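Asker: here is a sequence with its predicted model. Questions after.
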Protein chains: 2
Amino acid sequence: MATRTRRPDRRQEPLSRERIVTTAVELLDTVGEGGLTFRALAERLATGPGAIYWHVTGKAELLGAATDAVIGATAVKDAAATPQETIRALALGLFDSIDAHPWVGTQLARSPSQPPMLQVFESLGRQVQALGVPDEAQFTAASALLNYILGVAGQNAANARTVRPGTDRTEFLDATATAWEELDPDRYPFTRHVADRLRRHDDRAEFAAGIDLILAGITARP
Amino acid sequence: MATRTRRPDRRQEPLSRERIVTTAVELLDTVGEGGLTFRALAERLATGPGAIYWHVTGKAELLGAATDAVIGATAVKDAAATPQETIRALALGLFDSIDAHPWVGTQLARSPSQPPMLQVFESLGRQVQALGVPDEAQFTAASALLNYILGVAGQNAANARTVRPGTDRTEFLDATATAWEELDPDRYPFTRHVADRLRRHDDRAEFAAGIDLILAGITARP
DNA sequence: ACCTGAACACCGTTCAAGT
DNA sequence: ACCTGAACACCGTTCAAGT
């Protein structure tokens, strides 16, 4: 009887766009941005590379779909107490997604206002309206927030790419701090001045502080 | 006699790192990011691809050197009247460089705090100090400015990549505005609300407005 | 010391042929 | 309708051989 039990054998499930995208995300998460290859993907799916093209037009679309899959899972609920808190929650949700999947950062920084980012822009914009920002200033405010978020996303992804896989955050920050402290004092006084701060640095908190700074700018009435 | 005149024949100049980087920038500017190939580069330099490797360790370094060459040329003079104006001038200088060479945007958004960006961070930081920002807040302020700049850089580069070469800015913005106006009113009220603004949109002015917003946040004392 | 260019080990993508 | 996998047209990089 045991041999007759129908256990779900992934290899036998029919190929589908969904299964391709899921596997692509797995590959991206485990092997990194350079690891997503049509050949590697085909092997994991137990087919030839050509099969994938029947469900997906090419690598660009695949990368886009993988990004959508991750970002789409970041719940965008306009629910918190104040607009400021909602914006902060939204931004931190994105930060966490990107932190967990660094390749998403690269992708977002590369691709223009596609579906997932448009959704974020919309959510940011609504909260900017709720903040009582005058009509003409709303676009600028929402854009500034989005651009800041995308900038951090790109840098995070770049750091994840640079650091050799073994290193943890503390070690990396410590190495950077030491490097900064060895810079030419005449040319880099400020960088040296803030170098030691890196050792007590919390990326996430720093990111949130940046959001707060922009929010302060948005709500400051001259 | 004419045949004896020594006219500078580029093909006969010896290969040098400098000549390689200059040619790479030309290639990047004319053929785009996908056009920089060791084979194409070698052809322009009238050699084989292998020769380039004697002067440069690989493509990553070449891309970095090309970026340095462009950004390094962006004069970083801490000279304007107020710190605010200096920061704005610095940011706009970067914006213009990236606008002229979109591939620089991609590169900056990808590579972490390398030489050219460290220089920008330093300059921003000094002005933040000049603004009288308290010690503990200086790092956050300089980072927020830099991340915003990098975010815009990445988006600009992405747009330049998306648009088919013929299209001019106005045409592109108009098409985006129309697309936004056709979005589902229930899901995208804000985006639709600001869509028409795109038709009178000035990227550069918008970028500067974002800088001003962050500056307002930095100088706002709670 | 510096250059040459064939060769290696990959890519993404296509497509005739199968089921 | 969907899958297969060999083949095409590229890459970046290496390296023996040249000058």
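Answerer: Structure received. Numbering: from 1, shown residues only, chains lettered A, B, ... in the order given.

Asker: how close does residue A:160 sit to residue B:154?
Answerer: Note on residue A:160: its distance to residue B:154, by CB to CB, to the nearest Å, is 16 Å. The way it works is simple: take the backbone N, C-alpha and C, and place the C-beta from them, glycine included.

Asker: and for the closest residue to DNA strand C within chain A, the neighbour number?
Answerer: At 2.9 Å from DNA strand C, residue A:50 is the closest residue in chain A, using CB to the nearest atom of the strand. Other residues near residue A:50 come to 9 when the count uses other CB atoms under 10 Å in any protein chain shown.

Asker: is stretch A:99-112 positioned near chain B?
Answerer: Yes. Under the criterion of CB under 8 Å from any CB of the partner chain, chain B is reached by stretch A:99-112 at A:106, A:109-112.

Asker: returning to what we had before: neighbour count for residue A:160 and residue B:154, which is higher?
Answerer: Between residue A:160 and residue B:154, residue B:154 has the larger neighbour count (other CB under 10 Å), namely 30 against 20.

Asker: ok, for that one, nearest residue in space, not its chain neighbours?
Answerer: Distance criterion CB to CB, 6 or more residues apart in numbering or on different chains; nearest residue to residue B:154, sequence neighbours excluded, is residue B:109 at 3.6 Å.

Asker: that neighbour: neighbouring residues, count only.
Answerer: Neighbouring residues of residue B:109 were enumerated by other CB under 10 Å; the total is 29.

Asker: just the pLDDT for it.
Answerer: Residue B:109 is assigned a pLDDT of 84 by the prediction.

Asker: in which helix or strand would I find it?
Answerer: Assigned by DSSP states H and E, residue B:109 falls within helix B:102-110.

Asker: the helix or strand following that helix to helix B:102-110, inter-axis angle?
Answerer: For helix B:102-110, the succeeding helix or strand toward the C-terminus, using DSSP H and E, is helix B:115-130. Counting by axes from the mean of the first three to the mean of the last three CA atoms, to 10 degrees, helix B:115-130 lies at 70 degrees to helix B:102-110.

Asker: list the contacts of the spatially most central residue of chain A.
Answerer: Geometric centre of chain A, nearest residue: residue A:98, 2.7 Å, by CA atoms, centre = their mean. By CB atoms under 8 Å, 6 or more residues apart in numbering or on different chains, the contact list for residue A:98 reads A:104-105, A:108, A:153, A:156-157.

Asker: grab the nearest non-local neighbour of it.
Answerer: Using CB to CB, 6+ apart, the nearest residue to residue A:98 is residue A:105, at 4.5 Å.

Asker: distance of that neighbour from residue B:144?
Answerer: Distance from residue A:105 to residue B:144, counting by CB to CB: 17 Å.

Asker: work out for me the element the nearest residue to residue A:197 once chain neighbours are set aside sits within.
Answerer: Closest residue in space to residue A:197, ignoring its immediate chain neighbours: residue B:139 at 5.2 Å, by CB to CB, 6+ apart. Element membership for residue B:139 (DSSP H and E) is helix B:135-162.

Asker: swap in residue A:86?
Answerer: helix A:83-100.

Asker: map the structural domains onto the sequence of chain A.
Answerer: A:17-57, A:77-219 (automatic domain parsing).

Asker: ok so, going back, okay, now the residue nearest to residue A:98: neighbour count?
Answerer: 30.

Asker: equivalent analysis for the one 10 residues further on, please.
Answerer: Neighbourhood size, residue A:115 [other CB under 10 Å]: 12.

Asker: chain B versus that one, what's the distance?
Answerer: Per CB to the nearest CB, to the nearest Å, residue A:115 is found 11 Å from chain B.

Asker: same check on residue A:184?
Answerer: From residue A:184 across to chain B, the span is 10 Å (CB to the nearest CB).

Asker: for that residue, phi and psi?
Answerer: Main-chain torsions, residue A:184, degrees, to the nearest 10: phi -60, psi 120.

Asker: so who does the residue nearest to residue A:38 when sequence neighbours are not counted touch?
Answerer: Among residues not flanking residue A:38 along the chain, residue A:49 sits closest, at 4.2 Å (CB to CB, 6+ apart). Counting by CB under 8 Å, 6+ apart, residue A:49 touches A:38-39, A:41-42.

Asker: hmm, back to that, quick one, which of the domains of chain A is packed in tightest?
Answerer: domain A:77-219 (a mean of 19; mean count of other CB atoms under 10 Å in any protein chain shown).

Asker: low-confidence ranges in chain A?
Answerer: A:1-12, A:75-79, A:112-113, A:164-165, A:221-222 (pLDDT under 70).
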